[in-house]
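Chemist: pasting the sequence and the predicted coordinates here, then a few questions.
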Amino acid sequence: MSMLLRRHGRSSEALSAGQSSAVGMDAYVQMESPPCVMYGPPATSTGSIASGLLVADVKVPLLDVEVVNLELIKKQTNKRSPHLSCPHCCKNVERLQVWQFVSARTSLTKGKTTWPFSALIPGHMPHSFECCTVKVEYYFKATFIFSPTSKLEKRHPIEIRRSILPSTPKSFQRLFPPTSLNVTLQTPNVVHPSSYIPVTFQLTGFKEPNSSTSWAVSRISWRIEERIKTTIRSCHGHDDADKVHTYQDTRILGTNDYKRGWKIDNDRLLFELPLSFALDARYVCDLRLNCGNTELDISHCLVLELVMIEVVGSQPVDSNARLLRMKVKLVVTTQPGLGVSWDEECPPLFDSVGPSPPCYDEVVESPTNESPREPSAPNAMCNCPCP
Ligand SMILES: [Zn+2]
Ligand SMILES: [Zn+2]
């Protein structure tokens, strides 16, 4: 939510009154649907609905307009392409939906004229995000054409999130031969970076069979890792056409270690691991993307390390120590909040959803770099004409 508010704030500040007053009107998009959340994994999600009004606020008695249209745009930017000045390598702009509200000369009278719209963001689309290599953003782009030399363009960003719903916790077991140590770990099926993550850790098999020695835990540590794997292919305009550039990055989003705090009961150690993301962690929810010349895989895992020492009674034996490490997958997703998927809810009454603050900004873009591709049949991962 805070990101959404920040973006609203920024876009409002970016409003340039100059162009609007020059054409005799202002325009903005007013969203009426709740924040866009796609529930469930990409393969089964029914997507999210974004509905609202395109508003033209005419300041003069009568204003002729030839074209009014609204587009829903998905823009993907590659930040690590080897050809940063090449628009084909670095940008992929797709037009997901178009509304042609006016296509022949029409007069708008002074005051507000509104056009309602409702967009379905398909559930297989990536959520809005920015990582070290790639950024995906969505926005509505409104275009008013008054004459061949006069037009007004406004852009309204929308934040699209994905939420995979909590269900049965997952259990993992690891054995560490030749010892008889046996770890059982239970994690939630999905984790939310903003809340405490309950993980139960159990260790058994301290006593070595047919031996007087046993194992004692001296330290337990955990870390949450984010792995980002990006492959970007150069476009055909370069000497290295089709060459695949791979970038891999592993980041630590939270970590801690303990020398005490667990309970030991006979041959069993129990520890409720208090996992959480670092307060300043910059994370991206789990994502797989295969669009245009880019493939991206963002995943997360929990790495658990135990330092064990061999003891007789409580005395260490020959300072014999072992490091046990286990790694399990964590699915990081947005908190579902109170929302339900659009196909499971009753349609909201008009009054039940307050108007969002108006937010809009001037579109500053070079037409050659950003001319959207025509809509085409969706492929497995997205809507663009991927090969
Ligand atoms: Zn290129
Ligand atoms: Zn694509």
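Modeler: Everything's here; your move. Ligands and ions are numbered 1, 2, ... in the order given.
Chemist: which residues in this structure form helices?
Modeler: 2-13, 17-23, 87-90, 367-370 (DSSP state H).
Chemist: weakest of the ones you listed in terms of mean pLDDT?
Modeler: Between these, the one with the least mean pLDDT is helix 2-13; it has a mean of 35.
Chemist: and the stretch 101-250 of the chain, which residues reach ligand 1?
Modeler: Contacts of the stretch 101-250 of the chain with ligand 1, taken as C-beta under 5 Å from the ion, map to Cys235, Gly237. Yep, even glycine has a C-beta here, placed from its N, CA and C like the rest.
Chemist: in the stretch 101-250 of the chain, what residue lies closest to ligand 1?
Modeler: Going by C-beta to the ion, ligand 1 is nearest to Cys235 of the stretch 101-250 of the chain, at 3.4 Å.
Chemist: okay, now that residue: neighbour count?
Modeler: Other residues lying near Cys235 total 18 when counted by other C-beta atoms under 10 Å.
Chemist: now do the same contact list for it.
Modeler: Residues near Cys235 by C-beta atoms under 8 Å, 6 or more residues apart in numbering: His83, Cys86, His88, Cys89, Ala241, Asn293.
Chemist: any chance of CSV for those, columns neighbour count?
Modeler: Putting the contacts of Cys235 into CSV (neighbours: other C-beta atoms under 10 Å) gives the following:
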residue, neighbour count
His83, 17
Cys86, 16
His88, 16
Cys89, 22
Ala241, 10
Asn293, 21
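Chemist: now, which of these sits nearest ligand 2?
Modeler: Closest to ligand 2, out of all of the contacts of Cys235 and judged by C-beta to the ion, is Asn293, at 9.3 Å.
Chemist: any idea what the closest residue to the closest one other than its chain neighbours is bridged to?
Modeler: Nearest residue to Asn293, sequence neighbours excluded (C-beta to C-beta, 6 or more residues apart in numbering): Arg233, at 4.2 Å. Per DSSP bridges, the residues bridged to Arg233 are Val244.
Chemist: and Glu137, by the same measure?
Modeler: Lys75.
Chemist: thought it was touching Met125?
Modeler: No. Applying C-beta atoms under 8 Å, one finds Glu137 not in contact with Met125, separated by 11.9 Å.
Chemist: quick one, which of these two is more surrounded?
Modeler: Neighbours were counted for Glu137 and for Met125 using other C-beta under 10 Å; Met125 has more, 25 against 17.
Chemist: and that one, its phi and psi?
Modeler: phi -70, psi 150 (degrees, to the nearest 10).
Chemist: go on, Glu159?
Modeler: Dihedral angles (degrees, to the nearest 10) for Glu159: phi -90, psi 120.
Chemist: picking that back up, contact partners for the residue nearest to Asn293?
Modeler: Contacts of Arg233 (C-beta under 8 Å, 6+ apart): Asp242, Lys243, Val244, His245, Asn293, Thr294.
Chemist: and with 7 Å instead?
Modeler: By C-beta atoms under 7 Å, 6 or more residues apart in numbering, Arg233 lies in contact with Asp242, Lys243, Val244, Asn293.
Chemist: separation between it and ligand 2?
Modeler: To ligand 2, Arg233 is 13 Å away according to C-beta to the ion, to the nearest Å.
Chemist: next one: Ile164
Modeler: Applying C-beta to the ion to Ile164 and ligand 2 gives a distance of 22 Å.
Chemist: begin at 7 from now on, thanks
Modeler: Understood, numbering begins at 7; the last thing we discussed is Ile170.
Chemist: burial count for that residue?
Modeler: 20.
Chemist: show me the two of the contacts of Arg239 that sit farthest apart.
Modeler: Lys249 and Asn299 (10.6 Å; C-beta to C-beta).
Chemist: can you count the residues close to the nearest residue in space to Gly267 that is not next to it in sequence?
Modeler: Leaving out its chain neighbours, the residue that sits closest to Gly267 by C-beta to C-beta, 6+ apart is Phe277, at 6.8 Å. Close neighbours of Phe277, defined as other C-beta under 10 Å, add up to 18.
Chemist: how about low-confidence regions in this protein?
Modeler: The chain contains residues with pLDDT under 70 at 7-27, 343-393.
Chemist: and it, split by domain according to the record?
Modeler: Annotated domains of the chain cover 8-169+344-376, 176-336 [automatic domain parsing].
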